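Student: take this sequence and fold it.
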Amino acid sequence: MTQAAGAAAGTPCVVFIVDDDVSVRESLELLLETAGWPVETFESAQQFLERTRPLVPSCLVLDVAMPGLNGLDLQQRVVAERPDMPIIFITGYGDVPTTVRAMKAGAVEFLTKPISDELLLEAVRQAIERSRAALQDELQLNALRGRYASLSQREREVMVLVVSGLLNKQVGGKLGISEITVKAHRGSVMRKMQAASLPDLVNMCALLGLGGVREGSSPAGSPERLTAERRPPA
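Tutor: Numbers count the residues shown, from 1 in each chain. Sure, this is the predicted structure:
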């Protein structure tokens, strides 16, 4: 079993090939399928765009020069609409400006024909792993959005103020509610968001883009504030 086949065995995934040259499509398809990768081929960018976005790890092996929508134009669409699908460019006459543009837009590799089998297989392996990680991140973010949607408006207000570094008393003052009520909302937020700790909640808010919080930032400013929050009431 090849390295590619070992990576693909038992794992749902797909490699897309878009090239207007039928001989290139067929040779690449044979190579990749022999190595163990499921393959779908298309003769044009438009034909590929009509294919429903897959819900499994995938990558796109894409020719640069094609009639109609060319490879670089298709790359723009894929980056915007299918960000979990890495692109490997192939071309018969690569030039520096084209290569730079493709790589800056996020291409995994830019290969010149005749293509090295080993380089292509390794590029596909890396692209599929990158796609798998991106899809996992997307699933986790969607689950996080679902938990956030379960919060009441007041709980959302409390959460944003808490992760900004305010003490319960300060949160209550801003919202016009008692400290005890803030604590109740805060506990509900932690349960609904499935946050194990305040720093965990901060990172969740950062992923959701709430309140200008950055992932990994300090949840409550100084160590003294964290200590004050944990101190039991007198």
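Student: what helix or strand is the residue sitting nearest the centre point of the chain on?
Tutor: Central residue of the chain (C-alpha atoms, centre = their mean): Ala134, 3.5 Å from the mean position. Following DSSP states H and E, one finds Ala134 within helix 117-149.
Student: packing partners of the helix or strand following that helix?
Tutor: Counting by DSSP H and E, the next helix or strand C-terminal to helix 117-149 is helix 153-163. In terms of contacts (3 or more C-beta pairs under 8 Å, 6 or more residues apart in numbering; DSSP states H and E), helix 153-163 is packed against helix 168-175, helix 179-193, helix 198-208. For the C-beta atoms, the positions are set from N, CA and C on the backbone; glycine is no exception.
Student: need the pLDDT of the residue nearest to the centre of the chain.
Tutor: With respect to pLDDT, Ala134 scores 93.
Student: thought it was touching Pro83?
Tutor: Yes. Taking C-beta atoms under 8 Å as the definition, Ala134 is a contact partner of Pro83 at 6.7 Å.
Student: one step back: how about the helix holding Ala134: buried residues?
Tutor: Using 16 or more other C-beta atoms under 10 Å as the test for burial, helix 117-149 gives 120-121, 123-128, 130-132, 134-135, 144, 147-148.
Student: my read: Leu62 touches Pro86, true?
Tutor: No. Assessed by C-beta under 8 Å, Leu62 is found out of contact with Pro86, at 10.4 Å.
Student: OK, contacts around Val15?
Tutor: In this structure, Val15 makes contact with 32, 37-40, 58-61, 124, 128, judged by C-beta atoms under 8 Å, 6 or more residues apart in numbering.
Student: that one sits in which helix or strand?
Tutor: strand 14-18.
Student: name the residues of that strand that are buried.
Tutor: Quick answer for strand 14-18 (16+ other C-beta under 10 Å): 14-18.
Student: surely Asp20 touches Asp63?
Tutor: Yes. Applying C-beta under 8 Å, one finds Asp20 in contact with Asp63, separated by 6.7 Å.
Student: settle it for me: which of the two has more neighbours?
Tutor: Asp63 (24 against 16; other C-beta atoms under 10 Å).
Student: contacting residues around the closest residue in space to the more buried one that isn't next to it in sequence?
Tutor: Leaving aside its sequence neighbours, Asp63 sits nearest to Asp19 (C-beta to C-beta, 6 or more residues apart in numbering; 4.1 Å). Contact analysis of Asp19 by C-beta under 8 Å, 6+ apart lists 25, 28, 41, 43, 61-63, 66, 90.
Student: at 10 Å what do you get?
Tutor: 25-29, 41-44, 61-66, 71, 90, 113 (C-beta atoms under 10 Å, 6 or more residues apart in numbering).
Student: before we move on, back to that, among the contacts of Val15, name the buried ones.
Tutor: The buried subset of those (16+ other C-beta under 10 Å) comprises 32, 37, 39, 58-61, 124, 128.
Student: measure Lys169 to Arg25 for me?
Tutor: To Arg25, Lys169 is 67 Å away according to C-beta to C-beta, to the nearest Å.
Student: compare those two (neighbour count), which wins?
Tutor: Legend: neighbour count by other C-beta under 10 Å for Lys169 and Arg25, higher for Arg25 (19 against 11).
Student: just confirm that one contacts Phe48, I think it does.
Tutor: No. Look at Arg25 against Phe48 with C-beta atoms under 10 Å: they stay out of range, at 11.6 Å.
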